[in-house]
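structural data only, the sequence is not supplied:
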């Protein structure tokens, strides 16, 4: 069992899990979610929320088709 093999496709799983957690916070504990945006490093969360949906869609398209899809503005 190699860790590199197990984690090779983990980006999609991590994006899905993080978005799921954010959706739980927004529904069940919006005050805690707001607290994550009221700190100095909130730009990380904002950037993730802005970029992750597109990355997820392109990643899923790549997984389903076996082809490599890259966002046009990725470079």
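Good, I have the coordinates. In this text the structure is predicted, and so the values were computed from the model without any measurement.

any weak-confidence spans in this protein?
Along the chain, segments meeting pLDDT under 70 span 1-9, 74-75.

helix, strand or coil: sort out the residue nearest the centre of the chain for me.
Most central in the chain under C-alpha atoms, centre = their mean is residue 15, positioned 2.7 Å from the mean C-alpha point. The three-state assignment at residue 15 reads helix, by DSSP: H, G, I helix; E, B strand; the rest coil.

got a list of what it touches?
Contact analysis of residue 15 by C-beta atoms under 8 Å, 6 or more residues apart in numbering lists 52, 55-56, 59. Yep, even glycine has a C-beta here, placed from its N, CA and C like the rest.

apply 7 Å and report the result again.
Applying C-beta atoms under 7 Å, 6 or more residues apart in numbering to residue 15 gives the contacts 52, 55-56.

mind giving me the packing neighbours of the biggest helix by length in the chain?
What stands out as the longest helix in the chain, according to DSSP state H, is helix 42-65. Judged by 3 or more C-beta pairs under 7 Å, 6 or more residues apart in numbering; DSSP states H and E, helix 42-65 is in contact with helix 10-28, helix 30-37.

of all those helices, which one is nearest residue 45?
Residue 45 lies closest to helix 30-37 among the helices and strands packed on helix 42-65, at 5.7 Å (C-beta to C-beta).

counting contacts, what elements does the closest one pack onto?
Secondary-structure packing of helix 30-37 (3+ C-beta pairs under 7 Å, 6+ apart): helix 10-28, helix 42-65.

Serialize those helices to a markdown table and add fields for distance to residue 34.
Below are the helices and strands packed on helix 30-37 laid out as a markdown table (distance: least, C-beta to C-beta, whole Å):
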| stretch | distance to residue 34 |
| --- | --- |
| helix 10-28 | 9 |
| helix 42-65 | 10 |
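
just to revisit the earlier point, do you know which of the helices and strands packed on helix 42-65 lies nearest residue 63?
helix 10-28 (6.9 Å).
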